[in-house]
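> Predicted coordinates and the sequence they were generated for:
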Amino acid sequence: VIVMNKIDMSNGIFARLMNGNLNTDDCYQIGYQLGKQISVLPSIYNNRVDLYGDFVIRHRDIVEWIATSEKYLPKEEAKLYCDFLGDFIEAHKSKLQGAINMYGIGIDMHSENAIYTKDGKLLTIDTYPPKEDWRRGYKHINIYRLATDIYALFGEAGFKKTIEGYIDATEEILDKEYEKFLVIYSALIMVPYLYMLGENDKLRHQGGEKYHHFLRTYFKQTGPIRE
């Protein structure tokens, strides 16, 4: 016999975002507490790594993931996003190959794997990535995955507060040059995911539509990549 305490998923960050039950102070706390939790993860002793190779694998995975989602993301539209990611990686090849102290543990961090309780505590669940390649890599992917969900479903103010909280907790510098790349990358994971689950769940379908609109708008408004 197994006795379990059921988690109240009404406090899941995705549900709270969709129901309008978060404010910017909450977003700051989410970023801050995630930063504190990530800071105690085991470090990967590898001062200089080839992040270029890591991003090439992630790009390949995204292309394959999007190829299964054509009914949600039209082929030509998806190609724009995937080409952008590929172009960014190639434009930053030398910088990625020479990256120092930018490698870390990867967790499956997004708004459906996080709970923000009524008393202001961040709980993370089911964060062990399902694929070996995703269990390490560019260490700021973790915060951008969750912060991008907040960007798409709450707005820019919440996104900025989440990032601010993370920086205050970790005292790390986030390279803004990577921001558009990481936001698009994160969105391309979540939009098909929400649409797929939304086939039998109205709230997730609405979330997919809202996230998709954000992706289109953000991609058009943020301009070309910096080289």
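Cool, got the structure.

> Closest to the centroid, which residue in this structure?
The centroid of the chain falls nearest to residue 145 when counting by C-alpha atoms, centre = their mean (1.1 Å).

> With adjacent residues omitted, what lies nearest to residue 159?
What sits nearest to residue 159 in space, not counting adjacent residues and going by C-beta to C-beta, 6 or more residues apart in numbering, is residue 151, at 3.7 Å. (Glycine included, C-beta is placed from N, CA and C.)

> tell me which element that neighbour is part of?
Secondary structure assigned from DSSP states H and E places residue 151 in helix 141-153.

> Equivalent analysis for residue 191, please.
Taking DSSP H and E as the definition, one finds residue 191 inside helix 179-197.

> What helices and strands are in contact with that helix?
helix 51-67, helix 75-91, helix 141-153, helix 202-221 (3 or more C-beta pairs under 8 Å, 6 or more residues apart in numbering; DSSP states H and E).

> What is the end-to-end distance of stretch 36-50?
26 Å (C-alpha to C-alpha, to the nearest Å).

> should've said stretch 92-109
25 Å.

> How about residues contacting that stretch?
If you take C-beta atoms under 8 Å, 6 or more residues apart in numbering as the criterion, stretch 92-109 is touched by 34, 38, 41-44, 46-52, 55, 89, 124, 126-130, 134-143, 145-146, 177, 227.

> Let's see that with 6 Å instead.
41, 44, 46, 48-52, 127, 129, 134-139, 142, 145-146 (C-beta atoms under 6 Å, 6 or more residues apart in numbering).
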